[in-house]
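**Student:** Whatever this is, show me its structure:
(one chain, ligands or ions: 1)
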Amino acid sequence: MTSTDLRPRSAGGAPPIRLAARLSGIRGSAIRDLLTLTARDDVLSLAGGLPAADLMPRERIAEAAERALASPTAVQYSETAGLGRLREVVAAHETGRTGRPVGPADVVVTSGSQQALDLLARALLDPGDPVAVEDPVYVGALQVLQAAGADVHPVPLDGEGMRVDVLAARLAAGFRPRLVHTVSSFHNPRGVTLGQERRRDLAGLAERYGFLVVEDDPYGLLAFDGDPPRPVAAHGDHVVRLGSASKVLAPSLRVGWLVAPPVLAAAVERLKQSTDLCGSSLTQMITAELLADEEWFAGHVVGVRRENRGRAAALTAAVDAEFGPAVTRSTPSGGMFCWLEFADGTDTAALLPRALEQGVGFVPGGAFSVDAPVDGGALRSAARLCFATYPPDLLREAVRRLARASRRPDS
Ligand SMILES: Cc1ncc(COP(=O)(O)O)c(C=O)c1O
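**Tutor:** Now for the predicted structure:
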């Protein structure tokens, strides 16, 4: 478009704005759209993946902010790849998680892990490149991959995460993805965790067929019991890990990171320069202090895990009491989501407006379908509920409202 095209026209109104063709391939996020509807004060929203604000360490963040602001660094531009101190802390943390040496040069700090995924896709993919994702899919990943013009192939999930055997069969038949995206632990939206054997198999397939696994892991530390699952990256070199402070500290810090071989980290850094120059020095300094205070951080995470476990138990007990055998549900063992399936074939997209009338929000399963069939396809009768946002009493009330909505006939 030339500059003349942008000049206001006196007759006939403004000139049409022609958007880039790439936008037509990106599905809008039904979830982001829903958040607008569910933001009403009278709605208890189980729709967003919102961690509990009451569990976020606001006082500790304020103390760290005050300390950080004593230095002019906190208010200045910083290195594109992230503050050196934070990269060191993240590298140490990732070395501990994966049992493999991670150095600061392998880490790029980003504006949430969502930006890391976007930069990574732009660094790795040309339009038409094949990629694989889980189905149902994390919608944020689908949007990024669609924006990169990728040819997206769904791989089904079951109770143990991605069907790595299905992927293996397709690879043997000639499928050659550039990358495979997985939410390996406490999947969004299904809540399931990739089994250890499957993790090993997936890392092995990546090496054999030369693709990268993108292990998107914002929830791994939020296991209710026991140690966090051992990352896929513990089993091989062809894995890029995405991590985030959002679910363990606070999403408003907008601190996430990517751990990748230095050549890929450098490519991502170059793209980030053109995107935002650098992230916020202030929130990176705060995050570095909180993650480096190992004793405090470990205690904080234990507290979040304990509280989330209680919330999940309250939600699932309420679902059982209100719906009985009419609904099959997952049993969360970490993360933030519970997955419901209505046995009678209820169309959850049609249920949603009635639920909002009753004052409760959720995300219909069809929103997570890779191919987005108009009727919601196989996910038509499913729903994702977030149990992390509210304390138990409000979760029980939300489920009562959902049950009332589901008993009302279609209008
Ligand atoms: C699987 C997954 N990855 C990434 C993100 C993005 O998190 P953030 O950008 O806040 O780090 C989310 C947010 O809900 C998520 O569920």
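**Student:** Contact residues of the protein facing the ligand?
**Tutor:** For the chain, the residues found near the ligand under the criterion CB under 6 Å from any ligand atom are 49, 112-114, 138, 140, 183, 188, 216, 218, 244, 246, 251, 256. Where you see a C-beta, it was placed from the backbone N, CA and C, and this is true even at glycine.
**Student:** Which one (most neighbours) among those residues?
**Tutor:** Top of these by neighbour number is V183, holding 30 neighbours under the definition other CB atoms under 10 Å.
**Student:** Let me know whether that one touches V214 as I believe.
**Tutor:** No: V183 sits out of contact with V214 when judged by CB atoms under 8 Å, with a separation of 9.7 Å.
**Student:** Dihedrals phi and psi, G299?
**Tutor:** In this entry, G299 is assigned phi and psi values of phi -60, psi -40 (degrees, to the nearest 10).
**Student:** That one: neighbour count?
**Tutor:** Neighbour count of G299, defined by other CB under 10 Å: 10.
**Student:** Over in this structure, which residue gets nearest the ligand? Let me know.
**Tutor:** Taking CB to the nearest ligand atom as the measure, the chain has G112 as its residue closest to the ligand, at 2.4 Å.
**Student:** I'd like to know how far that residue sits from V164.
**Tutor:** G112 sits 28 Å away from V164 when distances are taken as CB to CB, to the nearest Å.
**Student:** and the residue of the chain closest to the ligand, what does it touch?
**Tutor:** With contacts defined as CB atoms under 8 Å, 6 or more residues apart in numbering, the neighbours of G112 are 244, 246, 251, 254-256.
**Student:** residues near L379, how many?
**Tutor:** 24.
**Student:** I meant P130, not that one.
**Tutor:** Other residues near P130 come to 15 when the count uses other CB under 10 Å.
**Student:** Contacts only, for it.
**Tutor:** 150-151, 153, 175-178.
**Student:** ok, now how distant is the residue of the chain closest to the ligand from C386?
**Tutor:** When distance is defined by CB to CB, G112 is 17 Å away from C386.
**Student:** And L212, by the same measure?
**Tutor:** Remark: distance between L212 and C386 (CB to CB) = 29 Å.
**Student:** go on, D320?
**Tutor:** Following CB to CB, the distance that separates D320 from C386 is 18 Å.
**Student:** wait, L315 sits on C338?
**Tutor:** Yes: the pair L315 / C338 is scored as a contact, 5.8 Å apart, by CB under 8 Å.
**Student:** Now for the two: what residues contact both?
**Tutor:** The contact lists of L315 and C338 share 385, 387, where a contact means CB under 8 Å, 6+ apart.
**Student:** Could you report the neighbour count for A121?
**Tutor:** A count of nearby residues for A121, using other CB under 10 Å, gives 24.
**Student:** Likewise for L171?
**Tutor:** As a burial measure, the neighbour count of L171 was computed by other CB under 10 Å and equals 18.
**Student:** so what pLDDT did P373 get?
**Tutor:** In this prediction, P373 carries a pLDDT score of 72.
**Student:** Assign it to helix, strand or coil.
**Tutor:** Look at P373: counting by DSSP: H, G, I helix; E, B strand; the rest coil, its state is coil.
**Student:** do you know how far the residue of the chain closest to the ligand is from L253?
**Tutor:** Shown here: G112 relative to L253, a distance of 9 Å by CB to CB.
**Student:** which residues of the stretch 1-150 of the chain fall in strands?
**Tutor:** Assignment of strands within the stretch 1-150 of the chain using DSSP state E, counting those that start in this stretch yields the ranges 44-45, 107-110, 130-135.
**Student:** Tabulate those (JSON lines), appending mean pLDDT.
**Tutor:** As requested, these are exported to JSON lines (pLDDT from 0 to 100):
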{"stretch": "strand 44-45", "mean pLDDT": "94"}
{"stretch": "strand 107-110", "mean pLDDT": "98"}
{"stretch": "strand 130-135", "mean pLDDT": "98"}
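**Student:** Please name whichever of those strands is nearest to L83.
**Tutor:** Checking those against L83 by CB to CB gives strand 107-110 as the closest, at 7.1 Å.
**Student:** what pairs with that closest one, and is each one parallel or antiparallel?
**Tutor:** Take DSSP bridges as the rule and strand 107-110 pairs in its sheet with strand 256-259 (antiparallel).
**Student:** other SSEs contacting the helix or strand that comes right after the strand it pairs with?
**Tutor:** Tracing the chain C-terminally past strand 256-259 and defining elements by DSSP states H and E, one meets helix 262-276 next. When contacts are defined as 3 or more CB pairs under 8 Å, 6 or more residues apart in numbering; DSSP states H and E, helix 262-276 sits against strand 107-110, helix 112-124, strand 256-259.
**Student:** now with 10 Å?
**Tutor:** strand 107-110, helix 112-124, strand 239-244, strand 256-259 (3 or more CB pairs under 10 Å, 6 or more residues apart in numbering; DSSP states H and E).
**Student:** re earlier: of D320 and C386, who's got more company?
**Tutor:** Taking D320 and C386 together and counting by other CB under 10 Å, C386 has the greater number of neighbours (26 against 13).
**Student:** Tell me if I'm right that that one and K247 touch.
**Tutor:** No: under the contact definition of CB atoms under 10 Å, C386 does not touch K247, with a separation of 11.2 Å.
**Student:** coming back round to it: nearest to L55, of the strands of the stretch 1-150 of the chain?
**Tutor:** Taking CB to CB, strand 44-45 is the member of the strands of the stretch 1-150 of the chain nearest to L55, at 17.1 Å.
**Student:** Show me what that closest one is packed up against.
**Tutor:** With contacts defined as 3+ CB pairs under 10 Å, 6+ apart, strand 44-45 has these neighbours: helix 30-38, helix 348-358, strand 360-361, helix 392-407.
**Student:** Quick one: closest of the ones you listed to A234.
**Tutor:** Distances from A234 to each of those were compared using CB to CB; the shortest belongs to helix 30-38, at 30.6 Å.
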